[in-house]
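Chemist: Sharing a model that was predicted from the sequence below.
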Amino acid sequence: MTEYEANFELNRNTLQFEGIVCKNQLQADLIINSGDKNFVFTQAIASDEWLVRHNLNKITSITVIDSSGAVQIPDEIIIIDNNTILIKFISAFAGKAAFN
């Protein structure tokens with residue numbers, strides 16, 4: 001049994017190949033990552049705490065914008081895990097949070 005592993009990078013896309021060749025048959029898993037992930041969360045009801053599950057599987061940067069379009073600075077950001085963040089503010093408001 002012969003085993004092959006290779007990584008390729010093309011522009012900003014990443015192609016990863018891992019596979020095994022045995023008896024002239026290829027068994028492989030192919031993973032294609034087409035760039036950085038992002039997520040936009042909408043807080044429709046005014047609140048001073050926003051619990052966000054972004055599912056990006058990474059620690060993110062965050063930009064918060066209120067419903068009038070002004071950027072807001074959170075009072076506190078608590079990273080619960082690589083997919084969940086709690087954002088706390090001094091006062092309640094509605095808006096959006098962009099995660100990169």
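Modeler: In hand now; what should we look at?

Chemist: how about stretch 55-70: buried residues?
Modeler: Across stretch 55-70, burial judged by 16 or more other Cβ atoms under 10 Å covers 56, 60, 62, 64. All C-beta spots, glycine's among them, are computed from the backbone N, C-alpha and C.

Chemist: do the same with stretch 39-53
Modeler: Quick answer for stretch 39-53 (16+ other Cβ under 10 Å): 41, 43, 47, 50, 52.

Chemist: got the residues you listed as TSV, with pLDDT and secondary structure columns?
Modeler: As requested, the buried residues of stretch 39-53 are exported to TSV (pLDDT from 0 to 100; DSSP: H, G, I helix; E, B strand; the rest coil):
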residue	pLDDT	secondary structure
41	95	strand
43	96	strand
47	97	strand
50	97	strand
52	96	strand
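
Chemist: Residue 74 sits in which helix or strand?
Modeler: In the assignment (DSSP states H and E), residue 74 maps to no helix and no strand.

Chemist: Tell me how many other residues surround the nearest residue to it once chain neighbours are set aside.
Modeler: Leaving aside its sequence neighbours, residue 74 sits nearest to residue 87 (Cβ to Cβ, 6 or more residues apart in numbering; 4.8 Å). Residues lying near residue 87 (other Cβ atoms under 10 Å) number 21.

Chemist: Cool, thanks, talk later.
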